[in-house]
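# Next comes the sequence, and after it the predicted model I'd like to discuss.
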There are 2 protein chains.
Amino acid sequence: MFQTFEESASPEQGPPRLAALRDVMKTQALDGFLVPRADAHQGEYVSERDARLAWLTGFTGSAGWCVVLADRAAVFADGRYTVQVRAQVAEVFEKVDWPETSLADWIGGALPHGRIGFDPWLLTVDQLRALRDKCPDVTFVPCENLVDAIWEDQPEAPAAPVFAQPVELAGEAHDDKIARLASGLGAEAALITLPDSIAWLLNIRGADIPRNPVPHGFAVLHGAATVTLYMADAKLADLGDHLGPRVRIRPPEALVDDLSALDGPVQIDPTTCPVILAEALSGTPVEAPDPGLLPKAVKNAAELDGTRAAHLRDAAAMVRFLAWLDGQAPGSLTEIDVVKRLEAERRGTNALRDISFETISGSGPNGAIVHYRVTEKTNRRVGDGELLLVDSGGQYVDGTTDITRTIAIGQPGAEERTAFTRVLQGMIAVSRLRFPRGLAGRDVDPFARAALWQAGLDYGHGTGHGVGAYLSVHEGPARIARTGTVPLEAGMILSNEPGFYREGAFGIRIENLIAVREAPALPGQTVKALLEFETLTWVPIDTRLVDADLLTAPERDWLNAYHAEVLARVGPQVDDVAGAWLALACKPV
Amino acid sequence: MFQTFEESASPEQGPPRLAALRDVMKTQALDGFLVPRADAHQGEYVSERDARLAWLTGFTGSAGWCVVLADRAAVFADGRYTVQVRAQVAEVFEKVDWPETSLADWIGGALPHGRIGFDPWLLTVDQLRALRDKCPDVTFVPCENLVDAIWEDQPEAPAAPVFAQPVELAGEAHDDKIARLASGLGAEAALITLPDSIAWLLNIRGADIPRNPVPHGFAVLHGAATVTLYMADAKLADLGDHLGPRVRIRPPEALVDDLSALDGPVQIDPTTCPVILAEALSGTPVEAPDPGLLPKAVKNAAELDGTRAAHLRDAAAMVRFLAWLDGQAPGSLTEIDVVKRLEAERRGTNALRDISFETISGSGPNGAIVHYRVTEKTNRRVGDGELLLVDSGGQYVDGTTDITRTIAIGQPGAEERTAFTRVLQGMIAVSRLRFPRGLAGRDVDPFARAALWQAGLDYGHGTGHGVGAYLSVHEGPARIARTGTVPLEAGMILSNEPGFYREGAFGIRIENLIAVREAPALPGQTVKALLEFETLTWVPIDTRLVDADLLTAPERDWLNAYHAEVLARVGPQVDDVAGAWLALACKPV
């Protein structure tokens, strides 16, 4: 079992650790210290060693900060975690709504001038710049990590073995990727600090952090189409000669000195590059997005084929799970039972490398908590007449999946059915859309919401995020959201997941993954480059929650064609019992 | 008749005038001179005196530039005018696609260094800044207008009498507007150079430029809630004591000296403020949008009531026109006949102050020319089986209208019907939309295109522009377009005019005006501030061009409800003959 259900932090731990941190702050003549959630690689997940924010404050959200001053301390968390942060973090920490209030705003009010320490591995160039710009009378001082200094049983850094991603699945030899990226470089070299960019570039995978199959490391891409990889030799033992002569291995400890010895301008991504590495460079760096970001997002034919295969495999597991779920008496299961069974079905494929994130299994009011993770403490029985929202995914060697289905347990209410139908209309509107090349996710996002808007409803999250090919389930740079300004390109994999949440009552989300592709040429077409979405996810949508009278004819046609396709693709992969359930679930509305 | 049909310029006039201009350039030791289309007020229309670009080059488009150098000269025109500029302008002028190629790009290539003169009344602060930034080795020299120097029979500046806009129609006394804007001012005073901002602020109208009922003038809004109006006394003779004690009149000639004597920071809008006025200020100006821009766009109840009345009156004229048109044998009318009859119907209301722009009457292939204006030279017979696109509007004392209808003459072809239906679907999608406050026109624009995109079709213009209340028919700052970033606010009047153009064959556009309003509260609503559009235009849409099978049920319902409303509102206003036609035109599909 990958997922666990214990409460990993509690408010009691915070105050004594805060006191200890303040003691060591004093010895360093610091008036404050910054503790970000992030590690040096700025990803969504961190290793146990890097879980400093959780260790210090109790807060286990996937983004946030703690600012510790001599007499005040504050935890900064965003709207997803408003409830959670209050439950996990002791009174002694103020709770700040972030990013509505920025760190700089709060520091400006709390400490008009003074010295605040920070670990220069954990702050990015842009973050430090914003702090210094907005708090000109505060001195921000790079120093050792004071949490590490007081954390006696801090875990070791992860050192999982690295393995090769076969070129048949990667679709492009890593030497070719290196040459391709090097030829487009606007500098002598580029520093790469994002583990999934490195893993993609070198066709390697790892297991240093949960859920994301990547190793921790840094890399320098040289204009001469070579790479220096900063990674402990021990992790690379299983890799054989996969990396080849274009990739030189150096110990991570050598990185800072190596950077200072580099000639010519070096490219960094200021949104993710640690301060310590930017400052190690001898010249002024060229600032540009991580060179792997966009190429990684645009999947090649092999990656798309692999992803399709992974989704079919995952769909069969989902169908077995849903068939089982429907066979249980309403009220007989808990949210944890649901998570366990679903993970078991995915494990049953004998191909699951990991789940791609903690399964969200939220029933009734818990379904309305957008980033709900069930624990033994929050676990509740899924009641008769309630909605169950299950958002989950698998990491397979050939692809990463992410799917949400909302299921009626027993007889659903009228409000739930209407809302579900409107969410579905948004999901269909995006699925059916064709659009000229050049549009970005922000131009697509309103289509996912229009049916809800019509009834005065909406949801407080984006419609879709990028998804990796056996990489991070959340990947940039494109997204379907008001903040999605990167033009959509054929090959990008995105989620399409509108929702609706009635606080204290129920939550609805329907999510398929989709891939951008070129639309077939149409007679009389005047749009030069027309794009559309290919659906990747093939799992029934609960038609007991659909009010077919609300659907337009094209929407109904889409839904019925989708279910026909689900039955044709997944039916042959499941046994008779699940197959019978599937045939019923795929009946036209 | 307001509209005329002569070709107002021809290529022959250009070369001798260009030679004369170069002669005077030499006497001033200039290597070049800039001739913009714009006047000092940066509006869409200019007076005859200010039509310098047309006089010099022959080009009569509503935007563009000529750059004259000693040995090269170029006319810059945008995509709307690609064909027209070639027909109107002599060979001696190069034709440059603008803004794809900017003035600075072209100058940089043609004149690496030298002195280029410009009239500082005609260039804006932002325009000069861009030129100086991008051409650091060229000196841009303010000087007298060299076109005026050689234009012997240049018309006098217009001096039409100014009249008051009744407060019952304006909905807010001008003293109250002055106080409202002054209280929000971030400076001691604000310079206002846009005639429609001044006309709105002071509740006055004029006739200095065609189509826009505004007087030329400048104004300074003072923080103490007074205004200095720079306008010739003679123009104000009919105004009586309308302006009152808060408005001081000064001759236009006093403006530059008065500005240099102003204390404290003065606000200017760098996108429209002439260079000469910004440089007259003693201190550094505060740069901000024209203070009247947003308040003017958000109409009050009286302006909306007036606009509704103007639209009903205009709809009756349109219905009489359409009924007449339908009674003519296919092939018996020319495009000019159509324009004349439509203007006659509008004049027949006895309330028409002006047309709001030159009527576009494009049949067959002329319909595909988006900014087509028929002349005696281009006039053609509207053929049997063709589409006729008529885009027109009226200026009434209570409101400004703008409407496009595309009419089938005889039996329409299948491609035309399908395309028309898709355009209509886009127009309906915008009309039906509800959306949360905070969204901008760019978030609405894709809905107008999605049905076309589905078939690989699109149109190369925005979906909608702001419209004034007895003011400019094109008004900022909000628009429904990819460039529309200003949030939509209740009270804004916009056009909703998707189209489709098959070059060389036919053009389709369907345009209603719509007003943003708050949506009625809905049961269970979670969106805090929900907006929707009120339709202002009530004229039948040609259902002979609608393929009803392509419409969804909500689209069909919208169209039938619209036509029922048209019949109920406009039926009582027309005679029996037009009424009988109207009843037929409004039959449900």
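Ah, there it is.
# buried set for stretch A:43-60?
By 16 or more other C-beta atoms under 10 Å in any protein chain shown, the buried positions in stretch A:43-60 come out as A:43-47, A:49-60. In this view, the C-beta of every residue, glycine as well, is placed from N, C-alpha and C.
# Of those, which belong to helices?
A:52, A:53, A:54, A:55, A:56, A:57 (DSSP state H).
# possible to save those as JSON lines with pLDDT and distance to chain B?
Below are these laid out as JSON lines (pLDDT from 0 to 100; distance: C-beta to the nearest C-beta, whole Å):
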{"residue": "A:52", "pLDDT": "97", "distance to chain B": "36"}
{"residue": "A:53", "pLDDT": "97", "distance to chain B": "31"}
{"residue": "A:54", "pLDDT": "96", "distance to chain B": "32"}
{"residue": "A:55", "pLDDT": "96", "distance to chain B": "37"}
{"residue": "A:56", "pLDDT": "97", "distance to chain B": "36"}
{"residue": "A:57", "pLDDT": "97", "distance to chain B": "31"}
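# Taking those, tell me the two that lie furthest apart.
Maximum pairwise distance in those, criterion C-beta to C-beta, is 9.2 Å, between A:52 and A:57.
# which residues do those two both contact?
Counting by C-beta atoms under 8 Å, 6 or more residues apart in numbering or on different chains, the common neighbours of residue A:52 and residue A:57 are residue A:35.
# burial of residue A:125, as a residue count?
Here the count is done by other C-beta atoms under 10 Å in any protein chain shown, and residue A:125 has 20 residues near it.
# Is it correct that it is in contact with residue A:281?
No. The criterion here is C-beta atoms under 8 Å, and residue A:125 misses it with residue A:281 at 10.8 Å.
# any shared contact partners between the two?
Jointly contacting residue A:125 and residue A:281 under the rule C-beta under 8 Å, 6+ apart are residue A:268.
# Quick check: mean pLDDT of stretch A:13-27?
For stretch A:13-27, mean pLDDT rounds to 96.
# ok, and for it, which residues are buried?
A:13, A:14, A:17, A:18, A:20, A:21, A:22, A:24, A:25.
# Can you tell me how far the first one is from chain B?
Looking back up the chat, that one is residue A:13. Computed as C-beta to the nearest C-beta, to the nearest Å, the residue A:13 to chain B distance reads 37 Å.
# Now do the same contact list for the residue nearest to that residue when sequence neighbours are not counted.
Nearest residue to residue A:13 in three dimensions, chain neighbours excluded: residue A:58, at 5.7 Å (C-beta to C-beta, 6 or more residues apart in numbering or on different chains). Going by C-beta under 8 Å, 6+ apart, residue A:58 touches A:9, A:10, A:11, A:13, A:14, A:88, A:89, A:90.
# Same check on residue A:222?
Going by C-beta under 8 Å, 6+ apart, residue A:222 touches A:182, A:188, A:189, A:228.
# Can you add neighbour count, distance to chain B and pLDDT and give those residues back as a markdown table?
A markdown table is the format used below for the contacts of residue A:222 (neighbours: other C-beta atoms under 10 Å in any protein chain shown; distance: C-beta to the nearest C-beta, whole Å; pLDDT from 0 to 100):
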| residue | neighbour count | distance to chain B | pLDDT |
| --- | --- | --- | --- |
| A:182 | 19 | 31 | 97 |
| A:188 | 17 | 28 | 93 |
| A:189 | 25 | 31 | 97 |
| A:228 | 20 | 40 | 98 |
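# For these, give me TSV that also has secondary structure.
What follows is the contacts of residue A:222, written out as TSV (DSSP: H, G, I helix; E, B strand; the rest coil):
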residue	secondary structure
A:182	helix
A:188	coil
A:189	strand
A:228	strand
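# Just give me the closest of those to residue B:111.
The shortest approach to residue B:111 among these belongs to residue A:188, at 35.9 Å (C-beta to C-beta).
# Could you double-check that residue A:374 lies in contact with residue A:367?
No. Counting by C-beta under 8 Å, residue A:374 stays clear of residue A:367, with 11.1 Å between them.
# Could you check which of those two has the larger neighbour count?
Between residue A:374 and residue A:367, counted using other C-beta under 10 Å, the more crowded position is residue A:367 (28 against 22).
# Mind telling me which residue of the stretch 51-200 of chain A is nearest chain B?
For the stretch 51-200 of chain A, the residue closest to chain B is residue A:79, as judged by C-beta to the nearest C-beta, at 14.5 Å.
# Residue A:104 belongs to a strand?
No. Counting by three-state DSSP, residue A:104 falls outside a strand, being helix.
# count of residues packed around it?
16.
# how much space between it and residue B:451?
46 Å (C-beta to C-beta, to the nearest Å).
# How far off centre is stretch A:262-269?
29 Å (C-alpha atoms, centre = their mean, to the nearest Å).
# tell me which residues in that stretch are buried?
By 16+ other C-beta under 10 Å, the buried positions in stretch A:262-269 come out as A:262, A:265, A:266, A:267, A:268, A:269.
# got the contact list for the third one?
Residues near residue A:266 by C-beta under 8 Å, 6+ apart: A:187, A:188, A:189, A:190, A:191, A:220, A:259, A:281, A:283, A:285, A:286.
# can you check the first one too?
When contacts are counted by C-beta under 8 Å, 6+ apart, residue A:262 is found next to A:188, A:189, A:220, A:281, A:282.
# of all these, which two lie farthest apart?
Across the contacts of residue A:262, no pair lies farther apart than A:220 and A:282, at 13.7 Å, counting by C-beta to C-beta.
# Of the contacts of residue A:58, select the buried ones using a ChimeraX command.
A single ChimeraX command is used to select the members of the contacts of residue A:58 judged buried by 16+ other C-beta under 10 Å:
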select /A:9,11,13,14,88,89,90
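# Pretty sure residue A:497 sits against residue A:427.
Yes. Using C-beta under 8 Å, residue A:497 is in contact with residue A:427, at 7.5 Å.
# joint contacts of those two?
Common neighbours of residue A:497 and residue A:427 (C-beta under 8 Å, 6+ apart) are A:510, A:511, A:512.
# May I ask which of these has the most neighbours?
Sorting the shared contacts of residue A:497 and residue A:427 by how many neighbours each has (other C-beta under 10 Å) puts residue A:512 first, at 26 neighbours.
# Which other helices and strands does the helix or strand of chain A with the lowest mean pLDDT contact?
None of the helices or strands of chain A scores lower by mean pLDDT, DSSP states H and E than helix A:82-88, at a mean of 86. Applying 3 or more C-beta pairs under 8 Å, 6 or more residues apart in numbering or on different chains; DSSP states H and E, we find helix A:82-88 packed against strand A:73-77, strand A:94-97.
# Looks to me like residue A:443 is in a helix.
Yes. The assignment for residue A:443 is a helix, going by three-state DSSP.
# just checking, it touches residue B:444?
No. Using C-beta under 8 Å, residue A:443 is not in contact with residue B:444; the gap is 10.8 Å.
# shared neighbours of the two, anything?
Shared contacts of residue A:443 and residue B:444, defined by C-beta under 8 Å, 6+ apart, are absent.
# Among the contacts of residue A:58, which are located in strands?
Members of these lying in strands (criterion: DSSP state E): none.
# could the contacts of residue A:58 go into TSV alongside distance to residue A:557?
Converted to TSV, these look like this (distance: C-beta to C-beta, whole Å):
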residue	distance to residue A:557
A:9	49
A:10	52
A:11	53
A:13	56
A:14	55
A:88	47
A:89	50
A:90	55
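# Does residue A:286 touch residue A:264 like I think?
No. With contact defined as C-beta under 8 Å, residue A:286 does not count as touching residue A:264 (9.7 Å).
# Pull up the overlap in contacts between these two.
residue A:187.
# After the helix or strand encompassing residue A:407, which helix or strand is next?
With elements taken from DSSP states H and E, the one containing residue A:407 is strand A:403-408. The first helix or strand that comes after strand A:403-408 along the chain, using DSSP H and E, is helix A:414-432.
# Briefly note if that following helix comes near chain B.
Yes. Judged by C-beta under 8 Å from any C-beta of the partner chain, helix A:414-432 comes into contact with chain B at A:415, A:432.
# what mean pLDDT would you report for that helix?
Average pLDDT, helix A:414-432: 98.
# what does the stretch 301-450 of chain A put close to chain B?
For the stretch 301-450 of chain A, the contact set with chain B under C-beta under 8 Å from any C-beta comprises A:415, A:432-436, A:439, A:442-447, A:450.
# Right, I'll leave it there.
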